[in-house]
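Trainee: Here is a sequence together with a model predicted from it:
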Amino acid sequence: MWDRESTIKLIELYENQSVLWDVSSQDYKDKHKKQNAYRAIGEELGKSDDDLKTKIHNLRTQFFQEVRRVKQKKSDQGTSDNHTSKWEFFDALKFIQNDDGNNDKIENLVSSTIYFY
């Protein structure tokens, strides 16, 4: 079970393992280094790799939904006031958002992808 304290600890450990989230890192595509990073976090928290990956996926999904909400709120009001999310982990996860806006492009691409079977 993920309580607030263990979620905060996970975010801290995840941030320290840039191989898992920094696409500009040379090691980002190295599956072995990523697996080692997940294993290290899992050992620290006493969680399995699958539990970590699921929780991280959920946190990232929620974070980018909040980013879109904040941007929509700003554009709806036609102002550049500093609106922010009230979600408790929003500020802690800001490190995964690139300043160059590439995350928005990736998120839009993922959300608009049509799968053909």
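Mentor: Okay, I see it. For clarity, every value in this text was computed on a predicted model and none was experimentally measured.

Trainee: Burial check on F64, number of neighbours?
Mentor: As a burial measure, F64 scores 19 neighbours (other CB atoms under 10 Å). Yep, even glycine has a C-beta here, placed from its N, CA and C like the rest.

Trainee: and the host helix or strand of it, what does it pack onto?
Mentor: Element membership for F64, per DSSP states H and E: helix 49-77. Judged by 3 or more CB pairs under 8 Å, 6 or more residues apart in numbering; DSSP states H and E, helix 49-77 is in contact with helix 4-16, helix 31-45, helix 102-112.

Trainee: Just put the ones you listed in CSV and tack on mean pLDDT, mean neighbour count and distance to K55.
Mentor: As requested, the helices and strands packed on helix 49-77 are arranged in CSV below (pLDDT from 0 to 100; neighbours: other CB atoms under 10 Å; distance: least, CB to CB, whole Å):
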stretch, mean pLDDT, mean neighbour count, distance to K55
helix 4-16, 96, 15, 6
helix 31-45, 96, 14, 10
helix 102-112, 45, 12, 19
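
Trainee: which residues does the closest residue in space to E66 that isn't next to it in sequence contact?
Mentor: Take E66 and drop its neighbours on the chain: the residue closest to it by CB to CB, 6 or more residues apart in numbering is S85, 4.0 Å away. S85 sits next to E66, V67, R69, V70 when contact means CB atoms under 8 Å, 6 or more residues apart in numbering.

Trainee: For S85, give its distance to D51.
Mentor: 25 Å (CB to CB, to the nearest Å).

Trainee: So for D91, which of the helices and strands packed on helix 49-77 sits nearest?
Mentor: Distances from D91 to each of these were compared using CB to CB; the shortest belongs to helix 4-16, at 10.1 Å.

Trainee: Now find how far off-centre that closest one is within its chain.
Mentor: What separates the centre of helix 4-16 from the centre of its chain is 12 Å, taken as CA atoms, centre = their mean, to the nearest Å.

Trainee: So which bits of the helix holding F64 are buried?
Mentor: Residues L52, K55, I56, L59, R60, F63, F64, E66, V67, V70 are the ones in helix 49-77 that count as buried (16 or more other CB atoms under 10 Å).

Trainee: Perfect, I'm done here.
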